[in-house]
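What shape does this take:
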Amino acid sequence: MEIKRGDAVTVRTAFGDLLERVALTGVEMGRDFPVVWVCSREEWAAASDEADLPEGLPWPADDVQLVDRPVEARA
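Numbering: from 1, shown residues only. Here you go, the predicted structure:
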């Protein structure tokens, strides 16, 4: 499945931990490798409350997996 904006994803950290995040983009080319921009659920919710864009981080696409449940829709 293709990752797109608003999808629930898990990201793997350098220590092997899995974190829940929300995708801000699909897979795109970063400086040296493909990335997915992600943010926390809290940042996603706060940005929708403030009608602002969430701050995100680029995450290596190889360490991002789509979750089978959707994130609450933004207003």
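
Met29: how many residues sit nearby?
Neighbour count for Met29, taken as other Cβ atoms under 10 Å: 9. C-beta coordinates here come from the backbone N, C-alpha and C atoms, glycine included.

for Pro54, same thing?
Per other Cβ under 10 Å, the neighbour tally for Pro54 reads 20.

repeat for Thr25
For Thr25, using other Cβ under 10 Å, the count is 14.

Make 52 the starting number, not 1.
Happy to do that; since the first residue is 52 now, the last one works out to Thr76.

tell me the secondary structure for it?
coil (DSSP: H, G, I helix; E, B strand; the rest coil).

Would you mind measuring from it to Ala112?
10 Å (Cβ to Cβ, to the nearest Å).

quick one: common contacting residues for these two?
Val87 (Cβ atoms under 8 Å, 6 or more residues apart in numbering).

Put the alpha carbons of stretch 75-92 into PDB.
C-alpha atoms of stretch 75-92 as PDB (Å, rounded to 0.1, in the frame of the first residue of the first chain):
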ATOM      1  CA  LEU A  75       2.700  14.300   6.300                       C
ATOM      2  CA  THR A  76       3.900  13.200   2.900                       C
ATOM      3  CA  GLY A  77       4.200  10.000   0.900                       C
ATOM      4  CA  VAL A  78       7.600   8.700   0.100                       C
ATOM      5  CA  GLU A  79       9.800  11.400  -1.500                       C
ATOM      6  CA  MET A  80      13.500  11.800  -2.200                       C
ATOM      7  CA  GLY A  81      15.500  13.300   0.700                       C
ATOM      8  CA  ARG A  82      19.000  14.500   0.300                       C
ATOM      9  CA  ASP A  83      20.600  11.100   0.200                       C
ATOM     10  CA  PHE A  84      17.700   8.600   0.400                       C
ATOM     11  CA  PRO A  85      13.900   8.300   0.300                       C
ATOM     12  CA  VAL A  86      12.100   9.700   3.300                       C
ATOM     13  CA  VAL A  87       8.500  10.200   4.600                       C
ATOM     14  CA  TRP A  88       7.800  13.300   6.600                       C
ATOM     15  CA  VAL A  89       6.000  12.400   9.900                       C
ATOM     16  CA  CYS A  90       4.700  14.000  13.000                       C
ATOM     17  CA  SER A  91       3.300  12.900  16.300                       C
ATOM     18  CA  ARG A  92      -0.500  12.400  16.700                       C
END
